[in-house]
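S.K.: Could you work out the structure for the sequence below:
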Amino acid sequence: MLVCLIFCKPLLRLVFGAVEEDVMNGAVRYFLITVIAYPFLALFDVGAAFYRAGGNFRFPMMISVISNTMNIAGNAILIFGLGMGVAGAALSILFSRIFAAGIVLFYLRKPQQVIVLRDYFKIRPDMPLISKILSIGIPAGVENGMFQFGKLAIQSTESTLGTQAIAAQALAIVLENLNGIASMGVGISLMTVAGQTFGAGRTEEGKYYIVKLTWYGEIGLILSCLLTFAVGRPIMYLAGMEPESMRMCYEMLVAITIAKPLLWALGFIPAYGLRAAGDVKFSMIVSICTMWFCRVALAIYLILSLIHI
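M.R.: As a prediction, the model looks like this:
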């Protein structure tokens, strides 16, 4: 977080290259505010993990729904009502994440919970347990970090196509994240259920849940992709995109709608089951190799080829 705050503009220059000054100033404002929201997002994720470990998926889901609704409403008020632009969008994210973290930490103190946390400052580290957690968490963190760096490499290369391409990809990423929410939820549920079965020594039952929930995730993904595709163009109009940006965004949405149901669920959901079984290295290696040697390399090659046509 401190690195992002200190080196904000150089990092954005690295990602977006030489863009218009107004675009860069807006990106700096958005980035600085959203970076402040990261610790609150981490607190919410940790608190939600306690609930899911206790078998309570509904409560963190409700908080997420309320938080996202607040974010959407805040965008409407701050951007269109008060005319705050990108700063309003960033502040809306910050306020919604503060709310989510605060609610989770507050209710974890209640005695009705399966896992109750009180007197946070009196908690002392359990080094053997921390070592066990890190043996799983570090490979997962490396995997996610390399995955995000791969996305940055693609965005940095795509920025050479101009601000219209940047705007098109930004909305396409939002739509892609939207159509993956249902399947992502299935994957998180799988990690908890499979972890309980593997931990109890019921290996065959754990395998059964991996297969079954992968297909549930596939069905949810197909429906989500179709729904997102149906509302995609109206969202582009509401976003006020320029015709060329809208054209590029729509082409990306068509490609996502076709490719994602064929590849995403089978590639990502079983990995949740592997992590639940304690095998984090295999999914890390596969994820990093496919991201950098397939996705990043192919994207850079195609973009550079397009520039030199």
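
S.K.: ok, which stretches of the stretch 51-200 of the chain are helices?
M.R.: Taking DSSP state H, counting those that start in this stretch, the helices of the stretch 51-200 of the chain run over residues 58-75, 86-107, 127-158, 163-179, 181-199.

S.K.: for the ones you listed, which one sits closest to residue 240?
M.R.: helix 163-179 (10.0 Å; Cβ to Cβ). For every residue, glycine as well, the C-beta is placed using N, CA and C.

S.K.: where in this protein is pLDDT low?
M.R.: 1-24, 114, 116, 118-120, 307-309 (pLDDT under 70).

S.K.: Which helix runs longest in it?
M.R.: For the chain, the helix that runs over the most residues, judged by DSSP state H, is helix 203-238.

S.K.: relative to helix 163-179, how tilted is that helix?
M.R.: 140 degrees (axes from the mean of the first three to the mean of the last three Cα atoms, to 10 degrees).

S.K.: for the next helix or strand after helix 203-238, which positions count as buried?
M.R.: Using DSSP states H and E, the helix or strand that follows helix 203-238 in sequence is helix 243-276. Of all the residues in helix 243-276, those buried under the rule 16 or more other Cβ atoms under 10 Å are 245-246, 248-250, 252-253, 256-257, 260-261, 264-265, 268-276.

S.K.: related to what we said a few turns ago, distance between the longest helix of the chain and the chain's centre?
M.R.: With Cα atoms, centre = their mean, to the nearest Å as the basis, helix 203-238 stands 15 Å off its chain's centre.

S.K.: Which of the residues in that helix are classified as buried?
M.R.: 206, 209-210, 213-214, 216-218, 220-222, 224-225, 228-229, 232, 235-236.

S.K.: go on, stretch 58-67?
M.R.: Using 16+ other Cβ under 10 Å as the test for burial, stretch 58-67 gives 59, 60, 63, 64, 67.

S.K.: is it true that residue 48 touches residue 58?
M.R.: No: here residue 48 lies out of contact with residue 58, judged by Cβ atoms under 8 Å, at a distance of 11.2 Å.

S.K.: From residue 32, how far out is residue 26?
M.R.: As judged by Cβ to Cβ, to the nearest Å, residue 26 and residue 32 stand 11 Å apart.

S.K.: List every C-alpha atom in stretch 138-146, with coordinates, as CSV.
M.R.: What follows is stretch 138-146, C-alpha atoms only, in CSV (Å, rounded to 0.1, in the frame of the first residue of the first chain):
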residue,chain,number,x,y,z
ILE,A,138,2.4,-17.9,0.1
PRO,A,139,2.0,-20.0,-3.1
ALA,A,140,-1.6,-18.8,-3.5
GLY,A,141,-0.4,-15.2,-3.0
VAL,A,142,2.4,-15.7,-5.6
GLU,A,143,-0.1,-17.2,-8.0
ASN,A,144,-2.5,-14.3,-7.6
GLY,A,145,0.3,-11.7,-7.7
MET,A,146,1.7,-13.1,-10.9
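
S.K.: which parts of that stretch are buried?
M.R.: 139, 140, 143, 146.

S.K.: I'd like those residues laid out as TSV, including distance to residue 93.
M.R.: As requested, the buried residues of stretch 138-146 are arranged in TSV below (distance: Cβ to Cβ, whole Å):
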residue	distance to residue 93
139	29
140	24
143	25
146	24
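
S.K.: So which of those residues is the closest to residue 294?
M.R.: residue 146 (13.2 Å).

S.K.: The nearest residue to the closest one once chain neighbours are set aside: neighbouring residues, count only.
M.R.: Once flanking residues are discounted, residue 146 sits nearest to residue 288: 4.7 Å by Cβ to Cβ, 6 or more residues apart in numbering. Using other Cβ atoms under 10 Å, residue 288 has 17 other residues around it.
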